[in-house]
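Asker: Give me the fold of what follows.
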Amino acid sequence: MKKLTILIYLVFISIPLSAQPNGRKEMKEKIKTMKIAFITEKLDLSSSEAEKFWPIYNAFDKAQMKLRHEKLRAIKNELKDQIDTITDEVALMKLNELLAAEAELNTLRQTFHVKLKNVISSKKILLLKISEEGFNRQMMKRLRNRQKN
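Answerer: Coordinates of the predicted model:
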């Protein structure tokens, strides 16, 4: 029953993605669906766990992406253009901004783990981290193979 519920959930999510992705947004959605399926399979979540887990995970993922894209990427992109011409004072200021954004990301992760402890076991939280890394490696491998062909 648990597997059937999860399967129905995944099919429901992937219906709009059944067509070949044309744009960046469609590709992101397809990857997100694949990630959900991958994590669901690896964690072997019960339906009650999945019901509580995914809203917490999705909120964390959204906040993490926002922080990475709006703060970290902006600082790094700004530095790429100025790295040869900035003074040590500006470099120190940018380094502090970068460290503050990374600390904010770390705090976000810690809050996420505290919330997850109320939903799934610590063992499954560790398995989640391993699964996310495995999924990322799998996606990088696919990308490399795609670039070769």
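Asker: Going by C-alpha atoms from here, please, whenever you check contacts or count neighbours.
Answerer: OK.
Asker: Report the helix or strand with the lowest average pLDDT across this protein.
Answerer: Least confident helix or strand, the chain: helix 2-14 with a mean of 46, by mean pLDDT, DSSP states H and E.
Asker: quick one: contacts for the residue minimising distance to the centre of the chain?
Answerer: Residue closest to the average C-alpha location in the chain (C-alpha atoms, centre = their mean): residue 61, at 5.0 Å. Applying C-alpha atoms under 8 Å, 6 or more residues apart in numbering, we find residue 61 in contact with no residue.
Asker: got the buried residues for the helix or strand containing residue 51?
Answerer: Per DSSP states H and E, residue 51 falls inside helix 47-67. Neighbour-count burial for helix 47-67, counted by 16 or more other C-alpha atoms under 10 Å, picks out 50, 53, 56-57, 60, 64, 67.
Asker: Quick check: of the residues you listed, which lies closest to residue 135?
Answerer: residue 57 (15.3 Å; C-alpha to C-alpha).
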